[in-house]
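Participant: sequence unknown, structure follows:
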C-alpha cells in the first residue's frame, strides 16, 4: 500500500525525526514537506544522509490551503501555531498532530497508543501526547488500572535531553557551551504538560489528580527522557511488575524490566521501558518510565498512531532496535 | 603560617581535587602524597598542570606508620579502607576524612561545615559528609530548623555527575561510550548515604526521618550535583527563601537564589546554592540544593573543615569563583 | 531467503552494532551469538531494546569447533584473537571478520566495499577495513584513481569518537570523567592502521606511499570519525568533487558534498561523506571523509560485505537514514 | 597595590572568564563592567557564583566616553566592534584588547606573552593573540627560532571547544542538540586567524610563510584547543623537545611534555602544553600545542599581558592549577 504523506515542521527536531521514520516506512511515500526556516531548500541540504529518493524534494512554505493530494499529514508546529492552521486541512487528509494544540480538543483522539489503541483506530485526527506524559503515563497506567496507587498523591521528577526543549531553543539559551555539563530544573509548579497528565491520570485511575506535582529537568544529553515517579500505595515491587506485565502483554513497544531503566536503552526507537521499586512498609511505590523524547515521546508515537488510523499493523516501520552505544 | 599537609588517595578524583586546592592554599604546604595506583610516579606525571614547586614530589605507597612529620592529613580512600588505617596515624596529625568510614564514628566530628562550624572548630578528627548529604542537608537545614517541613516525609531525587561514582568506576561500567547520552537511576531504596542523611535530618529537625526516600541518578556530566527534594509543609516560597537567608546570613559558601539553581553555577568551587518552590494549597515544599560533587561535596568542604580545625579563616584558599562555561 | 547468521564478539561495540543490523535485516536470521564477557546471559539482558524474537537467545562461550549450522559468521574479536580461531570455522560458513587479523591475509578479500565490490562478490572470506582506513580511503580513492594527488605525500589527521577505542577501553583509561571534555592525540607515527592504509593507497594510486603520515585523535563523543587529509596536487576543488561524483556514480553509500562533512551526518548509518577543498596555487588538496566508526567503519560495512558474498542486493538491510540529532 | 579595572564585553565567554580572573587577582579591583546583552543587571544575576564583594556591581551599557576613573580596561568585543570605540578611551587607561581588531595595528603590542614579554612590558595598548595562534605559535616558536623547520611549509590542523565560537553562536547554529556528538571542520582555506599566524611565523622564522595551511574544527566540548602541526625538517623528537626546554626555560606558563598533550590538562588555567614527534627519515616534525581557549587562548593571556604592562609579576593571579577532571 502506498500512502501519500506530508510533514509540516520539518526544520524542528520532531519533524525531522518524523521524516527519518517516514523515509524508512514500507507503506509511506513522502510527497510534501514544509517548514518555516528551511522553505526553498532541498531536503538533502538539510538532511545530507537522507535516502537518495527523497533528496531532491523541495521544502515548501507551510500553507494548509495549498496542499498537494495527501492521505496523511504529520504536523510538528510550535504550541499555538497549529490549531487554526490544521482546521483548514481538507477532511479527507488524516492528521497526526505532534504539537500540543489538540490534546484536549473536540474531534481529536488522544494518541497514547500503547494504552488506548482502541480509541485511536478508525479516527482521522489524533493528538500525540507530550514527551513527559508519554513516559509518565506508560509507567503509571498499570498501577492506576489495578488500583495499586492513589491517583491523588503523585510526584513526578522528570529529566529530559535537550532536544526536548525544541530547536528554536538554541537561540533562547540552549547553546552548547552553556548547556554542556549543566543540569537545570525548570518550570516548577507550572509546566504546560501538567493538565494533560492530570486528565489522563484521572481517566486511568478513577479519582482526582489534584495533588499532582511535576518537576522537569534539562539533562546535558541530546535525546532521552526518564520520569521517576513517587506514589503512595501498599503494593510490593513484584506486584507492580506483574501488573505491568499483564497490562502490556502482547503490546509491541513497552518493555517491563526488573533493572531500573536507562535512557540509552531507547535511543532512536519507539520503545518505552517501565520498572518499579516499592517499599510497602513505607507506603511507597516508585515507578520509572524511559522513552526517547523524539521517539515514543514524539515521532515514533506519531507513526504508531498513523499506522493505527491507516489500518496498518501497529508496528509497521518501527521495528528497528535502538542505537547503542 | 605554613602547615605541613599530606594527602592519601591522590589517584582518585577526591584526592586529586584536594591536591589542587592544597596547591593553591596560601597556608598549606604539600609534603606528602600517597596513592595505590600511582605510587612511584612524580606528581607531575599524573597532574601535568600542577604548579612547578610540586611537580617533583614522588607519590608514595600509603603507610600510616611511615608518615613524615605532618600537621594535617586529607584521606580520600574507598569505603572500608580508612577506618583501621587512620587509627594508626599519630594523634598529633589532624585528619579530615573525605571517605565514608567515620561519619558516625566516636571521636570524629561530622563536618557539615556550613551548618555546624562550631562542632568542628577545635577538633582534630573530622569526617566529611558525603556529596549527596552535602547538597541535601544544606537545602533542608533552614526549613527543618524553623519547623517549616515535616522531617518524617521527605523524598530526595538526586542527580550527580559521573565523577561522583569514583575513579575505580571506570572499570566497572562507567566507560565514556556507555555513559555518554545516558541517564541512570541506581541504588533505589538502599543507597549507602541514606542513614547518614536520616541521622542529620533528625538532628536538625527534632523528629524521626523514618519515611525518608532517596533516589540517586547518574547524569552524563563530569561534575555537579542537584538534589530536588519534595517535602510536606505549609510555608510559602517566600517564607522558605527568607528562612534560608536568615540561616546562612554571614556564611561564605551558601547562596540563596530565587531562580532554581543549575549545577554549572558551582563548578570548581566550594559553593552551595539553595532555592525553594512551595505551594501551600497542596502542602508542598520543593527544596533544591546544588554543589560541585568534588567541591562542596568532597575536597572543597574538606579544606573548609581543615581551615576550621587549624584555626584559619574558614574561607582561606577557597575564594575562587566557579569556572564558567 | 533466510540466511542463518552467527556473531562472535557480541559484547563489544562492533559486535553489538552487527547484532542491531542483523536484527533488522530482512534476509538474516540470528541463530548464534558468542561473547567472552557475557556468555550465559540472554541477549535481552545485554540489549534490553532488542526485538522480542531475539530476546531469549542465550549468549554462548565462543568455540569455533562447536558452532551450530550457520551460513554466515560475523567476527568482531580483539586484534590477535581471530586468526587462529577463524581458521577452525568450517569452510562452508562464510565469514566477515570485522577485526584486524586478516586484512593482509591470503585467502581473504579486503572488504572496502564501496571501492572494490567486484573483488568481494563470490568470495567466502572477507576482512573488513579498519575504521580509519574506511574514511580515509573513501575520500582519497577518486583522487588517486585520476592521478590528481601524489600518493607519496599524504598527511592524515584523523579524529574518532571514543567507541572506536573499543569497550575494553573503559578499564584502560577511557572512563567518562577522564574522557569527557578531553581531546587526545595518540599513536603518533606508529598506529596499527598505517600499513593497511599504505597498501591500499599504493594499490589505488600506482606509486609508493612511503611518506604517509597518520595522526589519530580521540574526540569526546561516542560515535563518528572524520579524516582531514592534506595532499599535494594541482587540481581545483571543482575537479576533485567531479572526480568523486564520477567515481561513486550509482553507488549507494557514498555522498559527495560541497560543504565540509560533519560526523553527525552519518550517525547510525552505513554512509560515508566525502568533500574537498583545494588551492592549486599552493599545490594543496584537502580531502575529507566522514563515517560512523561503528557503521561504515565496522558493522555497516560488514553487512554490506555480507550482502555481496551472499549474492544479495548490496544495500539490503542498510537503507535506514542516520539518526539526527 | 590596587589597580582599578574595567571589563567591556562581560556577557561573552572571554569577558566572563576575564571577570573570574580579575575577581581572584590580588592587585585588581573590578570597578566597571559593561555588556550589550546584560546592561542593567547586577553581576550576580549573570554570574551567581561570583564573590560577594562583586555581586552588586551593575552592568553598564558600553560607552567609552563615559568611563569611571580606571587604570586598566579589558575589552572583549566582537571583531570589528572595538577599533573605533577603544580609540576613544582616555590614553591614561591601559588596554588589553582580547578581540581581534588590533593584532596588526599601529601603537599596539602583539601580546604573545610567553614568547615576546619584552615587547609588551612598558606598553599601554596590547592586542591579545587569537586562540588558534596562541596554541600554534607557542608550539612552533622554539623550532622556528632554532631553524629546525621550514617556515614556508606548515600545515595546522586545529581543534577547538565550542566556546571558541563565541556566545552569540548559540543562535547561529551552535545549539546543544546539533553540536553534541558532532565534529565539524569549518573555514577551510580562509579562516580569519590565518594572516595573524603567517605574520608571527615570519617574524619568528625569518622566511616567508606563504605556504601556510590552517584547518580549524569544532569539537563537542566546552573548552580546550589542540593544534596538531605538520612541518618539514630533519630534527629528531629529542632535538625538538630540547629546543623547547631551552626556549621556555624559566617561563611560568609553558610546559614541555614527552607525552602528547591533552586538552583537559589546561582546563581553567593559563597554561600551554607543547610536545613534538619527529621522523627525520621522512623529513617530518609534528608539533602539538594545547591551551584552554578561554585561558591562554583569551582571558588568561590577557591577565598575563595586564600584569606585564602594570609592572606586576607576570604570574600574579594566574597560579591556580587546572580543574581536573
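Facilitator: Looks like it arrived, so ask away. Quick caveat: nothing in here was measured; it's all calculated off a predicted structure. Numbering: from 1, shown residues only, chains lettered A, B, ... in the order given.

Participant: surely residue A:215 is in contact with residue B:229?
Facilitator: No - in this structure, residue A:215 is not within contact of residue B:229 by C-beta atoms under 8 Å, at 10.3 Å. Any C-beta I mention is one placed from the backbone N, CA and C, and that applies to glycine too.

Participant: mind listing the shared neighbours of the two?
Facilitator: residue B:286 (C-beta atoms under 8 Å, 6 or more residues apart in numbering or on different chains).

Participant: contact residues of the stretch 51-200 of chain A facing chain D?
Facilitator: Within the stretch 51-200 of chain A, the positions near chain D by C-beta under 8 Å from any C-beta of the partner chain are A:161-163, A:167, A:169-171, A:173-181.

Participant: narrow these to just the buried residues.
Facilitator: A:161-163, A:167, A:169-170, A:174-181 (16 or more other C-beta atoms under 10 Å in any protein chain shown).

Participant: what are the contacting residues of the lowest-mean-pLDDT helix or strand in chain A?
Facilitator: When the helices and strands of chain A are scored by mean pLDDT, DSSP states H and E, helix A:52-55 comes last with a mean of 91. Residues external to helix A:52-55 that are found in contact with it (C-beta under 8 Å, 6+ apart): A:19, A:23, A:30, A:42-44, C:252.

Participant: need those in CSV with pLDDT, can you?
Facilitator: Output for the contacts of helix A:52-55, formatted as CSV (pLDDT from 0 to 100):
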residue, pLDDT
A:19, 97
A:23, 96
A:30, 98
A:42, 95
A:43, 94
A:44, 93
C:252, 97
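
Participant: which one of those is nearest chain D?
Facilitator: Nearest to chain D among the contacts of helix A:52-55, counting by C-beta to the nearest C-beta, is residue A:19 at 15.9 Å.

Participant: host element of the closest one?
Facilitator: Assigned by DSSP states H and E, residue A:19 falls within helix A:13-23.

Participant: does chain D have contacts with that helix?
Facilitator: Yes - using C-beta under 8 Å from any C-beta, helix A:13-23 reaches chain D at residue A:13.

Participant: just checking, what packs against that helix?
Facilitator: On a contact count with 3 or more C-beta pairs under 8 Å, 6 or more residues apart in numbering or on different chains; DSSP states H and E, helix A:13-23 meets strand A:3-8, strand A:28-34, strand A:72-75, helix A:300-309.

Participant: just the ones you listed: most buried one?
Facilitator: helix A:300-309 (a mean of 28; mean count of other C-beta atoms under 10 Å in any protein chain shown).

Participant: for it, packing partners?
Facilitator: Partner elements for helix A:300-309 (3+ C-beta pairs under 8 Å, 6+ apart): helix A:13-23, strand A:72-75, strand A:94-97, helix A:117-120, strand A:125-127.

Participant: what's the burial count for the closest residue to residue A:98 other than its chain neighbours?
Facilitator: Nearest residue to residue A:98 in three dimensions, chain neighbours excluded: residue A:76, at 4.2 Å (C-beta to C-beta, 6 or more residues apart in numbering or on different chains). Neighbourhood size, residue A:76 [other C-beta atoms under 10 Å in any protein chain shown]: 28.

Participant: residue A:276 belongs to a strand?
Facilitator: Yes - judged by DSSP: H, G, I helix; E, B strand; the rest coil, residue A:276 forms part of a strand.

Participant: residue contacts, it?
Facilitator: A:143, A:237, A:240-241, A:244, A:285-288.

Participant: farthest pair in those?
Facilitator: Spanning the widest gap among the contacts of residue A:276 are A:244 and A:286, at 13.2 Å by C-beta to C-beta.

Participant: chain A: strands as residue ranges?
Facilitator: Secondary structure of chain A by DSSP state E: the strands cover A:3-8, A:28-34, A:72-75, A:94-97, A:109-110, A:125-127, A:155-161, A:184-185, A:213-219, A:225-232, A:254-256, A:272-279, A:284-291.

Participant: output the contacting helices and strands for the last one.
Facilitator: Contacts defined by 3+ C-beta pairs under 8 Å, 6+ apart place strand A:284-291 against helix A:131-145, strand A:225-232, strand A:272-279, strand B:213-219.

Participant: mean pLDDT for the ones you listed - can I get that in CSV?
Facilitator: Formatted as CSV, the helices and strands packed on strand A:284-291 follow (pLDDT from 0 to 100):
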stretch, mean pLDDT
helix A:131-145, 98
strand A:225-232, 98
strand A:272-279, 98
strand B:213-219, 97
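
Participant: mind listing residues that contact stretch A:189-203?
Facilitator: In this structure, residues lying in contact with stretch A:189-203 by C-beta under 8 Å, 6+ apart are A:79, A:100, A:103-104, A:110, A:112, A:129-130, A:132-133, A:136-137, A:140, A:144, A:151, A:154, A:156, A:208-210, A:212-214, A:216, B:277, B:279, B:286.

Participant: buried subset of those residues as a PyMOL selection?
Facilitator: To isolate the buried members of these in PyMOL, using 16+ other C-beta under 10 Å:
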select buried, (chain A and resi 100+103+110+112+129+130+132+133+136+137+140+144+151+154+156+209+212+213+214+216) or (chain B and resi 277+279+286)
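
Participant: okay, the residue of the stretch 201-325 of chain A found nearest chain C: pLDDT?
Facilitator: Going by C-beta to the nearest C-beta, chain C is nearest to residue A:322 of the stretch 201-325 of chain A, at 3.9 Å. pLDDT, residue A:322: 97.
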